[in-house]
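Asker: Sharing a model that was predicted from the sequence below.
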Amino acid sequence: MEPNQPGQTFQPDSTKPARKVLCIEDEHFIGELYKRALDNAGYDTTLEVDGVKGLELAQTDQYDIILLDLMVPNLTGIDILRILRDPAKTPHLKAKIVITTNLEQREDVREDIEKQADGYIVKAELTPKEIVQFLNDIK
Amino acid sequence: MDYFKKTKRQYTLNLLAALIVSNALVLSVWIVLNYWQVKLVYAVIATAVVFIVFSLLFAFSLSNYLIEPVRAVWQLILSIAPHGESVEAPKIEAMKVGREMTLSLSRQIYQMTSSSNKAFNDAKNPPRQLLNDNFVASKLPLPLFILDQTENIVYANTSAADYLGISAKEMTGKNFYMVMDMSFPSENTLDVWLKDVKANSATASMSWERVKLNVLDNHPTRLFDLAAFYNRDNPEHYETMVVLFDHTKQYAQDDQAVSYVALTVHELRTPLTLLRGYIEALQEEIGQDTHPELVDFMQKMNAAAQQLTAFVNNILNVARIDNDQLQLSLHEENWAEIVQSAVNSIALRAKVRGISIETSIAPDIPTVGVDRLSIHEVINNLIDNAIKYSGQSKTIKVEAHMTEDGLVETTVQDFGLGINANIMSNLFTKFYRDHRNRAQVGGTGLGLYLSKAIITAHGGNIWVKSTLGKGSTFGFTIQPYSQLADELKNNDNKGITRGAHGWIKNHSLYRR
């Protein structure tokens, strides 16, 4: 996609507080790129590389959007998703969860993602700015 | 009827020969006696004696000879009758008169009794007796099942028992589908096929690949090919024969091959994500005010990274297709939007080569039933090819319209090198590339192979028209959503809006 397409840049509404994003991503450089693009677009982004710490942060329920990589150390993204969406383990979160991955899933994992996540992104297919646009479209 | 005529002719010839011989004998005796001037009374008596003796001789020998077909049929019927006398089976092959007729008659009788007289089978040939351990297939190293009309197992050989871990005795009499809980890769399953052939054919055979046996938790899954032979004229209990060819190991390896490709793709995608991310960041930092050459370089780098991303997807999908694991999820989609989004995603690649893509989409196209991700790759591959083979030409036309048959047809036309007529049929083959252009044009020969597989899986057709030196048009059809067979429709939308490279649930204004 053209990187400089009109309407792509998020215009933050100055009357509302910035939307908070938690990005659980073990590839540090990718995390940095996402944080840069998101912060430039008016989001408030927290980066976390570790699965267990990421889960703990997510459970504090202070985020609007959680970008969740599937391959993170100590606790996989799909486990984090299942715990966050299990009412017995996590009270209802306001956050929308968007899976970000470059790995193809097995059928059962794919089904769980479709049931429990709010969005799904193949990372290599979207540039950071396109991901910002993607998040802008999440209600 | 011909056999009957032939038999009748044989009878006529035999009788004629006998009559001529006996009459000639009587006549010659009469003539000889007259020649010797024997007294008339003695001559008459002698001739009469000769006549009677020979007539008796002929009558006895001829009747033995001519009664053979009748006797054979009589023996045949008695030998197979359930409560008949003990009679030897006829030796039809040794017969001199009416052999063909009797053979054909005996076949008819065998079939009639085997298919219509249930009492006969039960009384005379209980299936388990015939299919005992001496049955030739019992030691066959392939699992073999024989099913009756109601698809109950009447026989399972040793290999079958070992394969399922159930004794043959336990299986016998049970319904085949209860014993074998199978998943077939397509909708034409064994029972669907059997239902069809029973209604329409006397004999038929069919084979399936990659059938999966759903087993209990503590047993490993089995994957096999299956062959079935149906013969309506078989004795009732042995109507269908099913043989399994186990390929568990081989098919599991195929699955591993796909996971291996998936992992490789993951490893390729991570640096690609970074590359594309940093290129975009650089473009932002440098801005449009920099030296135009630098801007151009950045665009070309970006286009190359996009091309590599698309290629990585191709590799993954070819691995899926080759292992029958391409799973499409057909959803109701706006075709104009999909085509435009695919064109947008490749526009940069065209642009850096100075090529412009003209898109024209007819306004009357209804919603279509497609797997967005896969169909995006098809359009992408066709445009990518058009870019590669455009030569000096700078225009590519993408059009979509309705055909007379009510299908949605989309074409991608270039005005470049064109394709030699004699290689057109090979174009959709894996790894096939036009040898004339190999040196000038890069590629792997996977794109069209993949596109054809995806379009076929959508129930559509893909075609090509080309004139050497004038360019090529690739086109494909897909079905409007309303025409899609109900079972193909994926109604399980869960409020998901799919993009080419991701999806959002309950989106607000998701457009790409």
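Answerer: Nice, I can see it.
Asker: All the strands of the stretch 151-300 of chain B, residue numbers only.
Answerer: Ranges of strands within the stretch 151-300 of chain B are B:153-156, B:182-183, B:203-213, B:222-231, B:240-246, based on DSSP state E, counting those that start in this stretch.
Asker: Spell out the secondary structure type for the residue lying closest to A:Ile80 once chain neighbours are set aside.
Answerer: Nearest residue to A:Ile80, sequence neighbours excluded (C-beta to C-beta, 6 or more residues apart in numbering or on different chains): A:Leu55, at 5.0 Å. For glycine as for every other residue, the C-beta is placed from the backbone atoms N, C-alpha and C. Classification of A:Leu55 by DSSP: H, G, I helix; E, B strand; the rest coil places it in helix.
Asker: Just list the residues touching B:Gln479, thanks.
Answerer: Shown in contact with B:Gln479 (C-beta atoms under 8 Å, 6 or more residues apart in numbering or on different chains): B:368-369, B:407-408, B:458-460.
Asker: Just say which of the strands of the stretch 151-300 of chain B is most tucked in.
Answerer: Mean neighbour count, computed with mean count of other C-beta atoms under 10 Å in any protein chain shown, is highest for strand B:153-156 among these, reaching a mean of 24.
Asker: Dump that one to CSV, keeping only the CA atoms.
Answerer: Provided in CSV are the C-alpha atoms of strand B:153-156 (Å, rounded to 0.1, in the frame of the first residue of the first chain):
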residue,chain,number,x,y,z
ILE,B,153,-19.2,-55.7,7.4
VAL,B,154,-19.5,-59.3,6.3
TYR,B,155,-15.7,-59.9,6.2
ALA,B,156,-12.6,-58.2,7.5
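Asker: Make a ChimeraX selection of the buried ones in the contacts of B:Gln479.
Answerer: Those of the contacts of B:Gln479 that count as buried under 16 or more other C-beta atoms under 10 Å in any protein chain shown are selected in ChimeraX with:
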select /B:368,369,407,408,458,459,460
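Asker: Closest one of the contacts of B:Gln479 to B:Ile146?
Answerer: B:Gly459 (36.8 Å; C-beta to C-beta).
Asker: What helix or strand is that closest one located in?
Answerer: Take DSSP states H and E as the rule and B:Gly459 turns out to sit in neither a helix nor a strand.
Asker: so is A:Gln62 in a helix, a strand, or just coil?
Answerer: Secondary structure, three-state DSSP: A:Gln62 is coil.
Asker: hmm, I was thinking of B:Leu19
Answerer: Classified using three-state DSSP, B:Leu19 is helix.
Asker: for chain B, what are the nearby residues on chain A?
Answerer: Neighbours of chain B within chain A, by C-beta under 8 Å from any C-beta of the partner chain: A:1-5, A:27, A:29-30, A:33-34, A:36-37, A:71, A:102-104, A:107, A:114-115, A:117-129, A:134, A:137-139.
Asker: among the residues you listed, which ones are buried?
Answerer: Of the residues of chain A next to chain B, these count as buried by 16+ other C-beta under 10 Å: A:1, A:3, A:27, A:30, A:33-34, A:37, A:71, A:102-104, A:114, A:117-129, A:134, A:137-138.
Asker: quick revisit: how about the contacts made by the residue nearest to A:Ile80?
Answerer: A:Leu55 touches A:75, A:80, A:83-84, counting by C-beta under 8 Å, 6+ apart.
Asker: just B:Met206 next, same as before
Answerer: B:193, B:197, B:227-228.
Asker: Let me have those in CSV, adding distance to chain A as columns.
Answerer: Output for the contacts of B:Met206, formatted as CSV (distance: C-beta to the nearest C-beta, whole Å):
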residue, distance to chain A
B:Trp193, 26
B:Val197, 32
B:Ala227, 28
B:Ala228, 28
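Asker: Grab the two from the residues you listed that are most spread out in space.
Answerer: Maximum distance among the contacts of B:Met206 (C-beta to C-beta): 13.6 Å, for B:Val197 and B:Ala227.
Asker: Name the nearest residue to residue 54, sequence neighbours excluded.
Answerer: Assuming you mean chain A. A:Ile24 (3.6 Å).
Asker: switch to chain B, that's the one I care about
Answerer: Nearest one to B:Phe54, counting by C-beta to C-beta, 6+ apart, is B:Ser22 at 4.8 Å.
Asker: confidence score at that neighbour?
Answerer: With respect to pLDDT, B:Ser22 scores 85.
Asker: Summarise which helices and strands the lengthiest helix in chain B is packed against.
Answerer: Criterion DSSP state H: the longest helix present in chain B is helix B:248-286. Of the remaining helices and strands, those touching helix B:248-286 by 3 or more C-beta pairs under 8 Å, 6 or more residues apart in numbering or on different chains; DSSP states H and E are helix A:28-40, helix A:128-136, strand B:222-231, helix B:292-322.
Asker: rerun that using 6 Å as the cut-off
Answerer: Packing contacts for helix B:248-286, counted by 3 or more C-beta pairs under 6 Å, 6 or more residues apart in numbering or on different chains; DSSP states H and E, involve helix A:28-40, strand B:222-231, helix B:292-322.
Asker: Report the inter-axis angle for that helix versus strand B:222-231.
Answerer: 120 degrees (axes from the mean of the first three to the mean of the last three C-alpha atoms, to 10 degrees).
Asker: Is B:Ile396 located within a helix, as I assumed?
Answerer: No. B:Ile396: not assigned to a helix; according to three-state DSSP it is strand.
Asker: now the residue lying closest to B:Gln483 once chain neighbours are set aside: how far from B:Gly369?
Answerer: Distance criterion C-beta to C-beta, 6+ apart; nearest residue to B:Gln483, sequence neighbours excluded, is B:Gly406 at 6.8 Å. Counting by C-beta to C-beta, to the nearest Å, the gap between B:Gly406 and B:Gly369 amounts to 13 Å.
Asker: secondary structure class for A:Lys94?
Answerer: Going by three-state DSSP: A:Lys94 is coil.
Asker: And the nearest residue to it once chain neighbours are set aside, how far from A:Leu22?
Answerer: In space, and not counting its chain neighbours, A:Lys94 is closest to A:Asp61: 6.3 Å by C-beta to C-beta, 6+ apart. Taking C-beta to C-beta as the measure, A:Asp61 falls 10 Å from A:Leu22.
Asker: Who has more neighbours out of those two?
Answerer: Taking other C-beta atoms under 10 Å in any protein chain shown, A:Asp61 and A:Leu22 do not tie; A:Leu22 has more neighbours (23 against 13).
Asker: Where in chain A is the helix or strand with the lowest mean pLDDT?
Answerer: In chain A, the helix or strand scored least confidently by mean pLDDT, DSSP states H and E is helix A:107-116, which has a mean of 79.
Asker: Pull the residues that contact that helix.
Answerer: By C-beta atoms under 6 Å, 6 or more residues apart in numbering or on different chains, the list of residues contacting helix A:107-116 from outside reads A:78, A:81, A:85, A:99.
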